[in-house]
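Visitor: Predicted coordinates and the sequence they were generated for:
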Amino acid sequence: MSSPVPGLPMVVPAQGLPARVRIHEVGARDGLQNEKSTVPTEVKAEFVRRLADAGLTTIEATSFVHPKWVPQLADAEQLFPLVADLPGVHLPVLVPNERGLDRALALGVRRIAVFASATESFAKANLNRTVDEALAMFAPVVEKARSHGLHVRGYLSMCFGDPWEGAVPVHQVVRVCKALMDMGCDELSLGDTIGVATPGHVQSLLAELNEEGVPTSALGVHFHDTYGQALANTLAALQHGVTTVDASAGGLGGCPYAKSATGNLATEDLVWMLQGLGIDTGVDLGRLTATSVWMAGQLGRPSPSRTVKALSHQE
């Protein structure tokens, strides 16, 4: 147990938790994709550079989706070269199809992600396909990416609840997870897109995935804080052995295809909890908070992160 210092929690470790957690920072992509006013490319690049300077080593940079669908990320080709030389930082990008993959490969991208759904309703809304049609679309993308030596992440949305279908059965989620792993994904991110999960539900899904042969080491979690459950659900995942947690600096972001989805888990709130538990993240909380305050200024509104508000005295 260590004494508290200004701006940092007292460190009181708990048993049965990982020694280190890798934060998969999604603020620059998932956080900004919904912004109605266009964020200048140089501001996005500066955001990524500041996140890296704060100690984040996995920063999802952008998406190679068609500009018509996500206009905010239409500058992917211009942005990626501005940040590609950051030392020791992985810069995964989202690719929706083979065309998106080809665009990413042309820029030397080494990590990609595909974006699937556990429910038919969201697959229709997000991809205009059934779940199985979407998986069939991703299979050649993953195969080609792996043939080029790329690391592939599979995002899975609506793992706990769907605004059209309600609660999502665990076995339904497991089926799609296994399909993504079987096609060659290196890791999966389990998304609580509308923020309805609770800790028991999280642990039940993780346990069933293990029983069906998906190892905990291949799993990350992506929680939204719609009902204030994101940190509780993260702790439940850590207790199960998960060591990869998605978060968004300043709590930016939601989901353009699910209007009930509010902000992502704020990276600062996550780091505060992890530091208090004595879990290493490599992140400098002061620099990260300053980055989110700066980005909030660029967007013209205060950060929704409770930790950012507390440490920066934002109103």
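Guide: It's in.

Visitor: May I have the residues that are in contact with residue 59?
Guide: When contacts are counted by Cβ atoms under 8 Å, 6 or more residues apart in numbering, residue 59 touches 25, 28, 48, 51, 52, 89, 90, 91. (Each C-beta comes from the backbone N, C-alpha and C, glycine too.)

Visitor: and residue 217, how many neighbours?
Guide: Per other Cβ atoms under 10 Å, the neighbour tally for residue 217 reads 10.

Visitor: and it, what does it touch?
Guide: residue 243.

Visitor: Repeat that for residue 174.
Guide: So residue 174 contacts 205, 208, 209, 212, 214 (Cβ under 8 Å, 6+ apart).

Visitor: Just the buried subset of these, please.
Guide: Among the contacts of residue 174, the ones that count as buried by 16 or more other Cβ atoms under 10 Å are 205, 209, 214.

Visitor: Out of the residues you listed, flag the one nearest to residue 72.
Guide: Using Cβ to Cβ, residue 205 is the member of the buried ones among the contacts of residue 174 that lies nearest residue 72, at 30.8 Å.

Visitor: Leaving out sequence neighbours, find the closest residue to the closest one.
Guide: Sequence neighbours aside, residue 170 is the residue nearest to residue 205 in space, at 5.3 Å (criterion: Cβ to Cβ, 6 or more residues apart in numbering).

Visitor: Report the contact partners of that neighbour.
Guide: 204, 205, 208.

Visitor: do residue 212 as well
Guide: Counting by Cβ under 8 Å, 6+ apart, the residues that residue 212 touches are 174, 177, 178.

Visitor: Present those residues as TSV; the columns should include pLDDT, secondary structure and distance to residue 128.
Guide: Listed next are these as TSV, based on pLDDT from 0 to 100; DSSP: H, G, I helix; E, B strand; the rest coil; distance: Cβ to Cβ, whole Å:
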residue	pLDDT	secondary structure	distance to residue 128
174	98	helix	25
177	98	helix	22
178	98	helix	24
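
Visitor: tell me which of those is nearest to residue 125?
Guide: residue 177 (20.2 Å).

Visitor: tell me, how many neighbours does that closest one end up with?
Guide: Neighbour tally, residue 177, other Cβ under 10 Å: 25.

Visitor: That one against residue 214, yeah?
Guide: Yes. Counting by Cβ atoms under 8 Å, residue 177 does reach residue 214; the two are 5.7 Å apart.

Visitor: Inside strands: which ones of the contacts of residue 59?
Guide: The members of those that map onto strands under DSSP state E are residue 25.

Visitor: the longest helix in this protein is where?
Guide: The residue-count maximum for a helix in the chain (DSSP state H) belongs to helix 131-147.

Visitor: So which bits of that one are buried?
Guide: 131, 134, 135, 137, 138, 139, 141, 142, 144, 145.

Visitor: ok, now stretch 72-83?
Guide: 72, 73, 74, 75, 76, 79, 80, 82, 83.

Visitor: do stretch 234-251 as well
Guide: Of the residues in stretch 234-251, 234-240, 242-251 count as buried by neighbour count, 16+ other Cβ under 10 Å.

Visitor: repeat for stretch 275-288
Guide: Those would be 275, 276, 277, 279, 281, 283, 285, 288, for stretch 275-288 by 16+ other Cβ under 10 Å.

Visitor: Now render those residues as CSV, adding distance to residue 96, pLDDT and secondary structure.
Guide: Compiled in CSV, the buried residues of stretch 275-288 are given as follows (distance: Cβ to Cβ, whole Å; pLDDT from 0 to 100; DSSP: H, G, I helix; E, B strand; the rest coil):
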residue, distance to residue 96, pLDDT, secondary structure
275, 36, 97, helix
276, 38, 98, helix
277, 36, 98, coil
279, 34, 98, coil
281, 30, 98, coil
283, 30, 98, coil
285, 34, 97, helix
288, 29, 98, helix
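
Visitor: No more questions from me, cheers.
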